[in-house]
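Undergrad: Got a predicted model here, sequence first, then my questions.
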Amino acid sequence: MTTWRTGAALAALLTFGPLHAADQQAPNPTLYDIVIRNGRVLDGDGNPWVRADIAIQDGRFVKIGRVEGRGKREIDASGDYVSPGWIDMMDQSGEVLEKNGLAENKLREGVTSAIAGEGGTPVPSAQIGDYFSRLERQGISMNFGTYYSSAQARVEVIGDAAGTPKPEQLEQMKQHVAQAMRAGAMGIATALIYPPDAFQSTQDLIELARVAASYGGIYASHMRDESSKLLDAIRESIEIGEKSGIQVEIFHFKAAYVPGWGKLVPEAGKLIQDARARGVSIASDMYVYSAGGTGLDITVPNRVWEGGFKKGLRLLKDPKVRVRLKQEIAAGSEPGWSNLVEASGGWDHVILANAYNPKFDQYRYKSLAFIGQQLHEDPADVAWDIVLASQPNRAMALYVMMSEDDIETALRWPWMSIGSDAGANMGPGKMDNIGLPHPRAYGNFPRVIAEYVRKRHVLTLEDAVRKMTSWPATRMHLYDRGSIREGLKADVTIFNYDTIQDTATYDNPMSYCTGIDYVLVNGQLVIDRGVHTGAKPGSVLRGPGYAANAL
């Protein structure tokens, strides 16, 4: 068949040339930084998973669903769950991040953001701004925020001894709190079980909390008692919240009192729930182990430290003082001191974790009762000899105080989030910076899923992830992260439900978990196929007082 063209058509063909196949294709597809494909996406808000792709650009989620464009890096998440990055509500990494910003143990268990500060910031209030700036200059692999301690303000003004601050001293303490809030602290924290925190009155704490509340801050507390007087301690926290108007966070909730197992936790939950019903913004976090961990010096009644720490150490050397202290331990807790030996059920359940002394570290992970038998000494004398021999470090112990049934009960509460009470490590196979070898530093978050979702069916997977993502983000006012939603910061944890497992134990506490192959912080891969990339894309998470100050 013969064809012909008009003059105009022929002229056009001669002018523009023939049409090539490339000219007929669609424009080049969008190129993203990272695309995660085929994963079971858990949005973090408690909804059931959906199959979706996720596109990430410039540190944020930009498309969720069917992603046609390509990524500079593509991750096939087939068979895996894709979750928002997990948030550690009770971290201890304030000091170590200045020395090593990688936080490998945290990231390898899925944690992308951590909130520290039970003992305050590593620097005084006047230096917090510089401290945050140093972290940013040096780089950190996870996002990090911290509280300032009310005890820091106290020590800066009146020292570490007991006593009531004068009105002008209390005003100076308030100024330190305000300075910390303007620098970006999340709020004020207390550790009321330990001196000198224990010397603070409820009224003084209310006054300091009012200052933090005026900047939108939070009052977070390791309460005065987590044992026989747990309910009174919770009432004090509620009172501080009600009278100051501040949001309250109870650190590492537990009923650490063997005689109260099965009784205290339901009553404590009702106290908190009733307060919430009255409008008190109170909630708590917890770790999922039956043993707590802290300094061995907590076995010394607090009155020994009333003249300050150095004087207390001198008293502890006196055999006559020790006789009285042993009588006090046998008598149980007393006002101003929570007896963790009694709470644990005796020295058989107080386990040496780190003596900082080779003479005693040969007995690591043995009970003080056992060590006493080996040395033919009273366990109390052994404990206090270790405290003295560890100086200037702080000897550490594990206290087996909680029941698994109580852990399950508390974990179900909708306002409970997850916190490790552990810090970042200095390197592979090393303990966290506080010197406490406890498996929670390496396995707390995977254990929530492996033990309490997959094995025991205490939580649904969706709710477990919510407790580690959107709920803590909401509590900490981190409204730009915590959920997988377009426009939010791209913190991501990708895990396999069948293989995720905490492998750290009390005997082998520094073992990395399995089943978490990819972790992203602010849109950058930090864990890639289970290996830390060395990237440091983490951000300093400053509190709302800083934003108000910047306006």
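TA: Ah, there it is. Remember, predicted model here, so these are calculated numbers, not experimental data.

Undergrad: List the buried residues of stretch 146-161.
TA: The neighbour-count check on stretch 146-161 (16 or more other C-beta atoms under 10 Å) flags 146-155, 157-158, 160-161 as buried. To be clear about C-beta, it is placed using only N, CA and C from the backbone, and glycine gets the same treatment.

Undergrad: er, stretch 407-426 I mean
TA: 407-411, 413, 415-426.

Undergrad: Give me the subset of the residues you listed lying in helices.
TA: Of those, the ones assigned to helices by DSSP state H are 407-411.

Undergrad: and which of these is nearest Arg137?
TA: Leu411 (38.9 Å; C-beta to C-beta).

Undergrad: show me the contacts for that closest one.
TA: 286, 288, 448, 452, 458-459 (C-beta atoms under 8 Å, 6 or more residues apart in numbering).

Undergrad: let's go with 7 Å and repeat that
TA: 286, 288, 452, 458-459 (C-beta atoms under 7 Å, 6 or more residues apart in numbering).

Undergrad: before we move on, what about Met401?
TA: With C-beta under 7 Å, 6+ apart, Met401 has these contacts: 256-258, 292, 343-344.

Undergrad: And for Val448?
TA: By C-beta under 7 Å, 6+ apart, the neighbours of Val448 are 288, 418, 464, 468.

Undergrad: Please work out the average pLDDT along whatever helix or strand the third one lives in.
TA: Per DSSP states H and E: Ala464 is located in helix 461-468. For helix 461-468, the per-residue pLDDT values average out at 98.

Undergrad: what's the answer for stretch 394-407, then?
TA: Per-residue scores along stretch 394-407 average to 96.

Undergrad: in that stretch, what counts as buried?
TA: Quick answer for stretch 394-407 (16+ other C-beta under 10 Å): 394-403, 406-407.

Undergrad: Sort out for me which of these are in helices.
TA: Among the buried residues of stretch 394-407, DSSP H puts 406-407 in helices.

Undergrad: and which of the buried residues of stretch 394-407 is nearest Phe360?
TA: For the buried residues of stretch 394-407, the nearest to Phe360 is Ala395 (7.9 Å; C-beta to C-beta).

Undergrad: For Lys430, see how far away the closest one is.
TA: 18 Å (C-beta to C-beta, to the nearest Å).

Undergrad: go on, Glu451?
TA: 25 Å.

Undergrad: do Leu520 as well
TA: 25 Å.

Undergrad: Sticking with Glu207, tell me its helix or strand.
TA: Per DSSP H and E: helix 202-214 holds Glu207.

Undergrad: for Gly241, same thing?
TA: Using DSSP H and E, Gly241 maps to helix 230-244.

Undergrad: Report all helices and strands that that helix contacts.
TA: If contacts are counted by 3 or more C-beta pairs under 7 Å, 6 or more residues apart in numbering; DSSP states H and E, helix 230-244 sits against helix 202-214, strand 218-222, strand 247-250, helix 264-277, strand 282-286.

Undergrad: Can you check which of the ones you listed gets nearest to Asn302?
TA: Among the helices and strands packed on helix 230-244, the nearest to Asn302 by C-beta to C-beta is strand 218-222 (14.0 Å).

Undergrad: what distance separates the start and the end of stretch 183-200?
TA: 24 Å (C-alpha to C-alpha, to the nearest Å).

Undergrad: Could you count how many residues lie near Glu207?
TA: Burial measure for Glu207: 20 neighbouring residues, criterion other C-beta atoms under 10 Å.
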